[in-house]
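Colleague: Need the 3D shape of this:
(2 chains)
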Amino acid sequence: EAGVAQSPRYKIIEKRQSVAFWCNPISGHATLYWYQQILGQGPKLLIQFQNNGVVDDSQLPKDRFSAERLKGVDSTLKIQPAKLEDSAVYLCASSKGQGRSYEQYFGPGTRLTVT
Amino acid sequence: DAKTTQPNSMESNEEEPVHLPCNHSTISGTDYIHWYRQLPSQGPEYVIHGLTSNVNNRMASLAIAEDRKSSTLILHRATLRDAAVYYCILRRDTGNQFYFGTGTSLTVIP
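Modeller: This next block holds a predicted model:
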């Protein structure tokens, strides 16, 4: 079974530029998550999708971050414009469902450096 | 958020058992206890989860206290590949946050 795919793996941009990350979840997984992991900290949930609908985006900085999951499969996370504090690893995860007993499967992440 | 408390770091000798503790005194009756680990430069990896009873799988065992206010992840024979940050997480439906915290950094000594 193929895992969660993410691209690119690394990205370096200047502040105020835009950037987009792509995620392809495990086939058949209805729930998709985006996390932000700052160096030395645990991952922080940014947004959760159930199929193509948003379940939770309470910690997404909506003035600069946006995410979509068209057709309920792939997802894109965008930052526009980027700030220095956005430097982090962006992790995508998927699970079969959103219930509390389901495990999440994580991709390798995209390491973003904002200069 | 349902918070957990873990030691910042632990060490273990290779091929010896490791007991990683987690306190979750605010756990509610329907919260599941999940454990994930994150190897260097990788995304987190699911290890095990449970509700009330102790659980075993090929990776580890999870021992849950009778009052559910604490749990222990047990690695039966630590290997160098087990060196990682281990996260104890409470998963509940209400609020739906999957809060990782800072976890326990496990060092395995050859």
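
Colleague: Quick check: residues of chain B near chain A?
Modeller: Where chain B comes near chain A, counting by C-beta under 8 Å from any C-beta of the partner chain, the residues are B:30-32, B:34, B:36, B:42-46, B:49, B:51, B:85, B:87, B:91-93, B:96-103. Backbone N, C-alpha and C define where each C-beta goes, glycine included.

Colleague: Can you flag which of those residues belong to strands?
Modeller: Within these, residues falling in strands by DSSP state E are B:32, B:34, B:36, B:45-46, B:49, B:85, B:87, B:91.

Colleague: can you redo the residues you listed as TSV with neighbour count and pLDDT?
Modeller: Formatted as TSV, those follow (neighbours: other C-beta atoms under 10 Å in any protein chain shown; pLDDT from 0 to 100):
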residue	neighbour count	pLDDT
B:Tyr32	19	90
B:His34	24	93
B:Tyr36	26	96
B:Glu45	16	95
B:Tyr46	18	94
B:His49	19	93
B:Val85	21	97
B:Tyr87	25	96
B:Arg91	22	84
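
Colleague: Contacts only, for B:Leu20.
Modeller: Counting by C-beta atoms under 8 Å, 6 or more residues apart in numbering or on different chains, B:Leu20 makes contact with B:6, B:10, B:35, B:72-75, B:86, B:88, B:104, B:106.

Colleague: Next, work out how far apart it and chain A are.
Modeller: 15 Å (C-beta to the nearest C-beta, to the nearest Å).

Colleague: Shouldn't that residue be within a helix?
Modeller: No: B:Leu20 is assigned strand when assessed by DSSP: H, G, I helix; E, B strand; the rest coil, not a helix.

Colleague: Setting the sequence-adjacent residues aside, check what's closest to it.
Modeller: Nearest residue to B:Leu20, sequence neighbours excluded (C-beta to C-beta, 6 or more residues apart in numbering or on different chains): B:Leu73, at 4.3 Å.

Colleague: Which positions in chain A make contact with chain B?
Modeller: Counting by C-beta under 8 Å from any C-beta, chain A sits next to chain B at A:4, A:33, A:40-45, A:48, A:55-56, A:91, A:93, A:98-101, A:103-109.

Colleague: can you do 10 Å?
Modeller: A:3-4, A:6, A:33, A:35, A:37, A:40-45, A:48, A:55-56, A:58-59, A:89, A:91-93, A:95, A:98-109, A:111 (C-beta under 10 Å from any C-beta of the partner chain).

Colleague: Could you turn the buried ones of the contacts of B:Leu20 into a ChimeraX selection?
Modeller: Buried residues within the contacts of B:Leu20, by 16 or more other C-beta atoms under 10 Å in any protein chain shown, are selected in ChimeraX with:
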select /B:6,10,35,72,73,75,86,88,104,106
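
Colleague: pLDDT added to the contacts of B:Leu20, as CSV?
Modeller: Formatted as CSV, the contacts of B:Leu20 follow (pLDDT from 0 to 100):
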residue, pLDDT
B:Gln6, 95
B:Met10, 97
B:Trp35, 96
B:Thr72, 97
B:Leu73, 98
B:Ile74, 98
B:Leu75, 97
B:Tyr86, 98
B:Cys88, 95
B:Thr104, 97
B:Leu106, 98
